[in-house]
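J.: here is my input; please provide its structure:
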Amino acid sequence: MAQPEKIISTAADYRVNVKKRKTLITPKSAPYFFIGPSLILIIIFTIYPVLSSFILSFQEVRGAEKTFVGFANYTRLFHDPVFYKSLSNTFQILIVQVPIMLFISLLIAVGLHSSLVRFKAFFRIAYFMPAITALVAASMVFMILLDEHFGLVNYLLSLIGLEPIHWLTSPFWAKVSVIVVMTWRWTGYNMVIFLAGLQAIPKELYEAASIDGASKIKQFFLITIPQLKPVFIFTVVMSTIGTLQLFDEPFILTQGGPNSATMTITLYLYETGFKYFEFGYASAIAYVLVIIIAVISWIQMKWVGDLEE
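T.: Numbers count the residues shown, from 1 in each chain. Predicted coordinates:
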């Protein structure tokens, strides 16, 4: 039989262990146990890659060997004509595409918000569908539509007596093609955001304006536009960031051509890293892009804030 002293000692140890386990999870420590797994995943898959890429931007990679080169990658970047070309292409697309897309999105949102339009749910889904359509499949369809010799678009142009357009092989029209695909894809997405903003505007404002004799056009410019300022800020900033990160459309449609006419910053980053395996230089491009996006976003926020004052 077990000694009474041993039984008492074992029971005491058990109570001590139970007490430790109970005190380990307290109302103050419980939240950390809940967020712990997510925090670990963020550190592994977000923070570590960001820091690793930053360190890599100061190195030159040759096979498995890494050599510290200081600011050589950044110095090379500012003397790289292809980088400036890709930066220029990106800003050209940004300046043209974002205003056109947001203008069309606002018009569609206002139209679908009107009480005169029937089957609103159908049109909302129809306009939003491109945003959730697989971009590879959509780009393949556009490649067929815009084919120089057998495309439907050039066929329709020939019916009205116009010459075929070199959509994907001309530097100018290649940019236009990328802009068209981007506008088709993201107009419905921004339309939903504008529609949510329109639905949040109090109806009493329009009723008071109608009583005062304001026309629909005046109501639009004096009530709708000012009330949508926060929505405009969000859509402009997010669309700018998305365009500065433009990759899919030029990669699938034109592969950055012809003659680098549609080469964007992110496409150049991709080719530098995964085509030429210059990972250090590609990391430097990535961090310069981060700085550009941060500066432009700050300028937009500051500018809009000054307008509101």
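
J.: quick check: Leu168 is in a strand.
T.: No: assigned with DSSP: H, G, I helix; E, B strand; the rest coil, Leu168 falls outside any strand and is coil.

J.: tell me the phi and psi of it?
T.: Per-residue torsions, Leu168: phi -110, psi 0 (degrees, to the nearest 10).

J.: what helices or strands is the host helix or strand of Ala294 leaning on?
T.: Per DSSP states H and E: Ala294 is located in helix 279-308. On a contact count with 3 or more C-beta pairs under 8 Å, 6 or more residues apart in numbering; DSSP states H and E, helix 279-308 meets helix 48-56, strand 59-62, helix 72-77, helix 229-244, helix 265-274. For glycine as for every other residue, the C-beta is placed from the backbone atoms N, C-alpha and C.

J.: direction included, what does the shortest one pair against?
T.: Here strand 59-62 has these sheet partners by DSSP bridges: strand 65-68 (antiparallel).

J.: if we ignore the residues flanking it in sequence, what's nearest the residue positioned nearest the centre of the chain?
T.: Taking C-alpha atoms, centre = their mean, the centroid of the chain lies closest to Gly242, which sits 3.4 Å from it. Spatial nearest neighbour of Gly242, chain neighbours left out: Trp186 (7.3 Å); criterion: C-beta to C-beta, 6 or more residues apart in numbering.

J.: which one of the helices and strands packed on helix 279-308 has the poorest average confidence?
T.: Lowest mean pLDDT within those: strand 59-62, a mean of 84.

J.: in that strand, what counts as buried?
T.: Neighbour counts using 16 or more other C-beta atoms under 10 Å place 59-61 of strand 59-62 among the buried residues.

J.: same question for stretch 162-176.
T.: 165-168, 170, 173-176.

J.: identify all contacting residues around that stretch.
T.: With contact meaning C-beta atoms under 8 Å, 6 or more residues apart in numbering, stretch 162-176 is reached by 89, 92-93, 143, 146-149, 151, 153-154, 157-158, 177, 253-254, 257-259, 261-262.
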